[in-house]
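Colleague: what's the 3D shape of this:
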Amino acid sequence: MTARIERPLSPHMQVYRWTLTMALSIVHRATGIALYAGTLLLAWWLIAAASGPAAYAHVQAFTGSIIGRLIVFGYTWALMHHMLSGIRHFVWDLGYGFKANEREALTWGAAIGGIVLTVLIWIIAYAIGGGR
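Modeller: Sure thing, here's the model as predicted:
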């Protein structure tokens, strides 16, 4: 009788060495989910704007609070990151960027670009008076 070796039927997380591309793939999915919740906030803002000054003031009070600003900042980052990761995936769909150095460059571009674009948007928003 041969002894049966107990082993996993498929590779598990311990087997793989985590790479930036793997991590950002997961973050891309998470930002997609976060955008659903953020879009509800956007809809709330639009409905309040159409409903009148009192309803709009409630939304503005929420988004003007520390928690509200953090949520809107996070929504902005999720939107920028998801957009840039989507562009990265589109480049891959076109058949480009599969060499190791190209993959790394696209991944770092999406990661850093999302942060930079978010900060730039907020700086511009405060500069034109949107952060009062």
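
Colleague: Show me the shaky parts of the chain.
Modeller: For the chain, the stretches with pLDDT under 70 are 1-2, 7-14, 130-132.

Colleague: try 90
Modeller: 1-19, 129-132 (pLDDT under 90).

Colleague: which stretches of it form helices?
Modeller: With DSSP state H applied, the chain shows helices at 20-51, 53-64, 66-93, 100-127, listed in chain order.

Colleague: Single out the most deeply packed of those.
Modeller: Highest mean neighbour count among the helices of the chain (mean count of other C-beta atoms under 10 Å): helix 66-93, with a mean of 17. To be clear about C-beta, it is placed using only N, CA and C from the backbone, and glycine gets the same treatment.

Colleague: what's the spacing between the most centrally placed residue in the chain and Gly97?
Modeller: Nearest residue to the geometric centre of the chain (C-alpha atoms, centre = their mean): Ala78, 2.7 Å. With distances taken as C-beta to C-beta, to the nearest Å, Ala78 is found 23 Å from Gly97.

Colleague: How about Gly52?
Modeller: In terms of C-beta to C-beta, Gly52 sits 49 Å off from Gly97.

Colleague: and what of Phe62?
Modeller: 41 Å.

Colleague: quick revisit: out of the helices of the chain, nearest to Glu6?
Modeller: Closest approach to Glu6 among the helices of the chain (C-beta to C-beta): helix 20-51, 26.8 Å.
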